[in-house]
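> Dropping the sequence and predicted coords here.
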Amino acid sequence: MNFRLAVAMATGSLFFSAAGFAQNVPTTPPPTSATTTTPPGFPGFNRPVNTGPKPYNEIITSKAKTDKGLFTTHKVEDKFYFEIPDSLLGREILVVNRIAKAPAGPRAGFTGYAGDQVGENVITFEKGPNNRLFLRSSSFNEAGRDSLGMYQSVRNSNLSPIAASFDIKAFSNDSVTHAKGTVIEMTDYFMGDNDILFFEAPVKRALGLNAYQRENSYVDDLRSFPNNIEVKTVKTYMRTPTPAGGISFGPPSAGSPATFELNSSLILLPKMPMKARYFDPRVGYFATSFTDFDANPQGIEKIRMITRWRLEPKPEDREKYLRGELVEPAKPIVYYIDPATPKKWVPYLIQGVNDWQKAFEKAGFKNAIVAKEAPANDPEWSLDDARHSAIVYKPSDIPNASGPNVHDPRSGEILESHINWYHNVMSLVRDWYFIQTAAVDPRARQLVFPDSLMGQLIRFVSSHEVGHTLGLRHNYGSSSTVPVEKLRNKAFVEANGHTPSIMDYARFNYVAQPEDNITDKGLFPRIGDYDKWAIEWGYKWMPQYKTPGAEEAFLNKWVMDSLKANKRLWFGTETDPDDPRAQNEDLGDDAMKASAYGIKNLKRIIVKLPEWTKETDKDYTDLTNMYGQLVTQFTRYMGHVAKNIGGVETTPKMQEEPGRVVVFTPKAKQKEAMAFLQEQLFTTPTWLIQKNIAGLTGTNALTTINGVQSSVLSRLLSNGTFNKLFRYEASGETNAYTATEMISDLRKSIWSELSARKPINIYRRNLQKVFVERLINNLKGDDNAVPAAFAAFGITSPTYSKTTDALSIVKAQLRTLQSEIRAALPEYKDAASRAHLQDVNDRITEALNPKK
């Protein structure tokens, strides 16, 4: 893999967009005699004959309500105009579209709430022939330079589309600055339905929005600020709800109207993009990319740039910064708290933002990031203004929060962010904290937490989401750098936290036992060693390197030296399904040890659930929920362990670093994982069978336990796990854990009663049937294939590949099992066990000898 990255803007290359084709058109007014018509189908309206520009005062009359800013905007009775200075023609403008107010019905998952971003574009305005002004939609997917003669070739293949065309209504000439400008009418474009200013097509489809209702829509407000323009519109659509699963067969229903208030922000991008920083897979940043046709003399290269805010010292503080003194940035990162946020949670959200200040101090900046309450009674301030980053409080039953950002596609510079804070996230963190820490924290032994505890939980989630808006990805591998026994060491964990990164999905310290006496300082996530180092790596100002390419050697050595000196700085991506070190919701360097401690605490909690969920005048809904949450936590532990079987560990490295990039999880650890599953899962976890809880809630322990066992068996017997074990065996590694050995271990554990001729209880009978059915289903081949009609939706067949050893091994295991069943059957006297064994024997016979 080639991780060398180059950034074109900083090395003389040219990104191709509308601005990249500056059309060499004159900036003086063209002749006014030309007329033209636009054919039907233009977005939103049919254009009348253009009679040419008129005198300025005939268009912008004394009735105009004028607002000066990036463009001068005018409202003349019921018409809206842009007055665009010639100096801004060809300049890239980022358009960010958000929902300002939303109806209750049209929602799709996390989309459809007030504050949600529903579209993003980069546009430019340019003069065209026949007294027209064109709006082009820009792309930055490809770039080229003159160094290899690719400039003209790439330019010819990257013509930016004209998204709209406007008649020039008048020309202006500022009496003070003498700057020239062009006046165009925007009324019909604002009133139309286009994906530049409003919903992108995929979002409309997700929300089920169909026919746009122009007669039930209007322009609500138009404001201009120094660096941006805000357009607020009210849009009504007919809505046909998307069926469950997103698959619709047959004609759509008539639908119902849905009205949204939308806010479109037009933000002027910097004339000179920020110096980018190369993406490095060893440090977890989000990235933006393009294809460079000149970076590789014999091909192309994918250029990836991290997303980050522009932090630079004030001009007068640059020498201090370079001497190592802490200085304030010229422009700090400011987050405002949505005025709709309940007041008692505001201080905790603010603290979650301010907690990052210590990380930026590592990068040389003090007071680099701060949260504030939104200004009260300030008509110039708006939550929808794209200049303002905010934590937006949403009255939603979704138990979540998210931290997106808007960035300059030319450099990765983050321009603003709206963190989505869904009200019901409090139920999520309440459930997590209850199930993971109630054994050690008495405050968690109730359904309604004290505000002080809930506030700290909100603070933790706030810090995590802010981390995303600073450019940081999830670091699922961070917790794997901590020895499990350290998580029970009060001094260590209270000083260092239970994971080095708040960007991990490590939640709370479920390993801690009651006798460890660990306080919440050792139970809560916090901004840790990795987070501080990642911020330093991404935000350190290095003016001595004039281009991103010049930084490359220094940054590479910095990462290598840092990782060698401190293993806690390792980044484990959230997108690797094979590496057992990179998992969400796990803790420590040994899933078996950590899960064993976690199960000890679950056993302490489960017997107290009826007491700790008791509330006056309430039914048992909360007890049902908490029992389900406990089972889910147990299922997570089983998943953490199961991922070790067939594990493939990937550690990105540069060529200067020693060691292998890819290694297989050692056989001994895989065998340990299998033994753990045999003891804790496949041997019936009878502690989950709580008669008093079942009597109050109606929960079925048989179904519950069988469900957990089925999910783990599906993973272990999947094509993916088999292929990883085949890969291990074929690699030439000594003492590999083979697929044959894995499934033999599994069979012996699940069918252990046969050798001792012991009666088989109902829990084990169900487990054994699941085991056999998983194997049989994967023998069915084409008979078990998914219908072709569903393939387009990503629903694929689970069958094993016929060109590997998988089918051979499965058939051999079924034959062995059938032989053992037949040998044991005569000695089984209880009716249930005999019926079960005879049934399974028949199933295997039919599977191995299918009828044609």
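Received it, and whenever you're ready, just let me know what you need.

> Run the chain-centre distance for the longest helix anywhere in the chain.
Counting residues, the longest helix found in the chain (DSSP state H) is helix 621-642. From the chain centre to the centre of helix 621-642 is a distance of 23 Å (CA atoms, centre = their mean, to the nearest Å).

> Kindly report the same for stretch 567-577.
On CA atoms, centre = their mean, the centre of stretch 567-577 falls 16 Å from that of its chain.

> The stretch 401-550 of the chain: strands as residue ranges?
401-402, 406-407, 413-416, 418-422 (DSSP state E, counting those that start in this stretch).

> what mean pLDDT would you report for the third one?
If I follow you right, that is strand 413-416. Averaging pLDDT along strand 413-416 gives 92.

> tell me what it is packed against?
strand 308-309, strand 406-407 (3 or more CB pairs under 8 Å, 6 or more residues apart in numbering; DSSP states H and E). Heads up, the C-betas are built off the backbone N, CA and C, glycines and all.

> make it 6 Å
Here strand 413-416 touches strand 406-407, going by 3 or more CB pairs under 6 Å, 6 or more residues apart in numbering; DSSP states H and E.

> ok, Leu207 - how many residues close by?
The local packing of Leu207 (other CB atoms under 10 Å) involves 26 other residues.

> pretty sure it contacts Gly105?
No - with contact defined as CB atoms under 6 Å, Leu207 does not reach Gly105; the gap is 9.3 Å.

> just for the chain, where's the confidence low?
Applying pLDDT under 70 to the chain flags residues 1-50, 109, 140-159, 175-178, 241-254, 290-301, 781-799, 852.

> So what pairs up with Tyr81 in the strands?
Beta-bridge partners for Tyr81, by DSSP bridges, are His74, Glu185.

> Could you report the neighbour count for it?
By other CB under 10 Å, 23 other residues sit near Tyr81.

> Where does Ala100 sit: helix, strand or coil?
strand (DSSP: H, G, I helix; E, B strand; the rest coil).

> for the stretch 101-250 of the chain, what spans make up the strands?
Under DSSP E, counting those that start in this stretch, the stretch 101-250 of the chain gives strands at 117-128, 132-137, 142-144, 162-173, 180-185, 209-212, 218-224, 228-239.

> which one of the ones you listed lies closest to Thr686?
Of all the strands of the stretch 101-250 of the chain, it is strand 117-128 that lies closest to Thr686, at 49.4 Å by CB to CB.

> Which elements pack onto that closest one?
strand 93-101, strand 132-137.

> closest to Thr613 out of those?
Per CB to CB, nearest to Thr613 of the helices and strands packed on strand 117-128: strand 93-101, 36.7 Å.

> Report the buried residues of the closest one.
Ile93, Leu94, Val95, Val96, Asn97, Arg98, Ile99, Ala100 (16 or more other CB atoms under 10 Å).

> which one of these sits closest to Asp167?
Nearest member of those to Asp167, counting by CB to CB, is Ile93, at 20.2 Å.

> And the closest one, how close does it get to Thr233?
In this view, Ile93 and Thr233 are 18 Å apart by CB to CB, to the nearest Å.

> ditto for Lys366
For Lys366, the distance to Thr233 - CB to CB - is 42 Å.

> Settle it for me: which of those two has more neighbours?
Thr233 (21 against 14).
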